[in-house]
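# Fold the following, please.
(2 chains)
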Amino acid sequence: MEWELSESARLAALSDPSTLPVRAARSLRFSVTATDPTSNARAGTLTLPHGVVETPDFMPVGTNATVKSLDPEDLHAIGAQIILANTYHLYLRPGHERIQRLGGLNKFAAWSKPMLTDSGGFQVVSLGPLMRIREAGARFHSHLDGSEHLFTPERSVEIQEALGPDIAVAFDQPVMPGSTERRDVLRAMQRTHRWAVRSLRAHSRGDQALFGIAQGGIDPELRAESAAYIRSLPFEGINLGGLAGDETPEERNAAVEATIGALDGDRRVRYLMGLGSPVDLLEAVLRGVDLFDSVLPARVARNGQAWVTGGRMNLRNARHLDEDQPLDAACDCTTCRRFSRAYLAHLFRAEELLGYRLLTIHNLRHLSAFMCAIRLALRSGTLAAELPRLRAAAGGPGTPRLGVGDEPSEEPARGAMRPRYAEDGRLRGVNRQRATAREGRE
RNA sequence: GGGUAGGUUGAGCAGGUGGUGAGCUCCGCUGACUGUAGAUCAGCCGUCUUUGACUGUGGGGGUUCGAUUCCCUUCCUGCCCA
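Coordinates of the predicted model:
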């Protein structure tokens, strides 16, 4: 009993922000380079040890240190500037210490550009019955072999420092799925705050940034309260958590607005965790978000759905079997430049691995190009004017189903999804790679 | 030619020895997926006026109140023997 008291006292002391040591300078820099006068949207440049990320941008998710079915070369061609990996999964397998011994995540995965690791908070909560949360942390059973593990904020930071991404994320407690009681949301939020302080106290790597997570569910007051608290802490970036669940778009928008409202004047990068449809991203960008991640475009691709300009199509549908044209005439991805819908439809029917890969490449490129179009509009000051076109071009969930006779974008060259993105160097990057490859052969 | 085992809804099967065979797996059709236990899951998959009804066990005939079941005949398939 006495031990329990002293333990809780110890945790309380660790969670006290007033005793946080001054945080040494990090290698991260973020600057806003353009703003939209008609909204909170902004473009920025995020400089990290492994490179520069032009924002707003979407991070493809590579849970097991791989974006499923893709190679780093594919990701470069897609225009990915930064990818996400997962602390929980890599801790369980192959083990963070092994990755550290092998030179860290970037070397391990042969990915030269920036990386971010999720803290594992979301995974642990998603384990449901396999998990129990206490003040110290979350005790859970591995989904792989049932073995028991304890994740604490300190442990999560330790693992992420071993993995070595450019950006680590504080261990948080998202609201349990299905729990909408304000009392539960409040408790999870407050615990996330205490864990945020402990995460900061545990973090020491100077070449790694640490982002804190603002929670608060869909309650605007709690969102604002959480954002204000996380803002008061010396994180290098601020995440918006708990907003990729089953809330309505209106609830989500209100939650984002409440969070961003409490961050007004803050100069740090803002990262909305878990959203991945083009429309969702556009709406969040308009409200002031800089970074995103989601499994959606890649998972949806593996399950047969392609996102195209102005719509989406399920390649498993019989209607695509005789279509000789590419997924999207306006798309510059390596899939659209080479393969017909008929071939992709065949690959999915035959359950050939190439199908999963080709559609993943396309969807990620579609989203990357979409974000690039938003950045261009922001820099040229034309976002407001281009908004209708961007909304119409979005693709993904909620957009029309396209098939025979429903061609995406009849005038792609003049549209928002124009495939030349010289300013961001996306296509130049592709060409450069090809040139390099050519040189290598000669 | 003789013998034998079979013919069930696109395919492959299960079941059923006189009292309502629409059950499974593929294939096929469609949908879902948002900080990845999911290259996964869910629904549909004979017809229709679809919370229910009807039809359907190779074809034809017979016995019976009633046949997928018993009898006759015929067609088809596999195997064995000549």
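
# where does the stretch 301-442 of chain A dip in pLDDT?
Within the stretch 301-442 of chain A, the stretches with pLDDT under 70 are A:403-442.

# what ranges do the helices span in it?
Shown for the stretch 301-442 of chain A, the helices assigned by DSSP state H, counting those that start in this stretch span residues A:341-349, A:353-379, A:383-393, A:426-441.

# Give me whichever of those is most buried.
Scoring these by mean neighbour count under mean count of other CB atoms under 10 Å gives helix A:353-379 as the most buried, with a mean of 24. C-beta: built from backbone N, CA, C; applies to glycine.

# Most proximal residue of the stretch 301-442 of chain A with respect to RNA strand B?
Nearest residue of the stretch 301-442 of chain A to RNA strand B (CB to the nearest atom of the strand) works out as A:A318 at 3.0 Å.

# my read is A:V185 is in a helix, agree?
Yes - using DSSP: H, G, I helix; E, B strand; the rest coil, the assignment for A:V185 is a helix.

# got the contact list for it?
A:175, A:179, A:215-217, A:219, A:222 (CB atoms under 8 Å, 6 or more residues apart in numbering).

# tell me which parts of the stretch 301-442 of chain A are close to RNA strand B?
Residues of the stretch 301-442 of chain A found near RNA strand B (CB under 7 Å from any atom of the strand) are A:302-305, A:314, A:316-319, A:349, A:351, A:353, A:356, A:397, A:401.

# Tell me how far the helix or strand where A:A168 lies lies from the chain's centre.
Using DSSP states H and E, A:A168 sits within strand A:167-169. Centroid separation for strand A:167-169 versus its chain: 12 Å, with CA atoms, centre = their mean, to the nearest Å.

# that older thread, now that we have the residues of the stretch 301-442 of chain A next to RNA strand B, which of them are buried?
A:302, A:304-305, A:314, A:319, A:356 (16 or more other CB atoms under 10 Å).

# Inside strands: which ones of those?
Judged by DSSP state E, those include A:305, A:314 as members of strands.

# Same list (the buried ones among the residues of the stretch 301-442 of chain A next to RNA strand B) but as a markdown table, adding distance to A:D36.
Below are these laid out as a markdown table (distance: CB to CB, whole Å):
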| residue | distance to A:D36 |
| --- | --- |
| A:R302 | 34 |
| A:G304 | 36 |
| A:Q305 | 31 |
| A:N314 | 34 |
| A:R319 | 39 |
| A:Y356 | 37 |
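
# State the three-state secondary structure for the most centrally placed residue in chain A.
Residue closest to the mean C-alpha point of chain A, counted by CA atoms, centre = their mean, is A:D293 at 1.4 Å. Three-state assignment for A:D293 (three-state DSSP): strand.

# which residues does it contact?
A:58-61, A:84, A:116, A:118, A:271, A:273-274, A:276.

# buried set for stretch A:136-145?
Buried, per 16+ other CB under 10 Å, within stretch A:136-145: A:136-140.

# Likewise for stretch A:278-291?
For stretch A:278-291, by 16+ other CB under 10 Å, it's A:278-291.

# cool, stretch A:126-134 as well?
Buried residues in stretch A:126-134, counted by 16+ other CB under 10 Å: A:131, A:133.

# hmm, it in reach of RNA strand B?
Yes - using CB under 7 Å from any atom of the strand, stretch A:126-134 comes into contact with RNA strand B via A:126-128, A:130.

# And the furthest pair within those residues?
Maximum pairwise distance among these (CB to CB): 9.5 Å, between A:S126 and A:L130.

# which residue packs closest to the residue in chain A that RNA strand B sits nearest to, ignoring adjacent ones?
Proximity of chain A to RNA strand B (CB to the nearest atom of the strand) peaks at A:A244, 2.3 Å away. Distances taken as CB to CB, 6 or more residues apart in numbering place A:G274 nearest to A:A244, at 2.8 Å, with adjacent residues excluded.

# ok so, going back, as a markdown table, the buried residues of stretch A:136-145 with distance to A:P297 would be great.
Below are the buried residues of stretch A:136-145 laid out as a markdown table (distance: CB to CB, whole Å):
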| residue | distance to A:P297 |
| --- | --- |
| A:A136 | 36 |
| A:G137 | 32 |
| A:A138 | 29 |
| A:R139 | 33 |
| A:F140 | 28 |
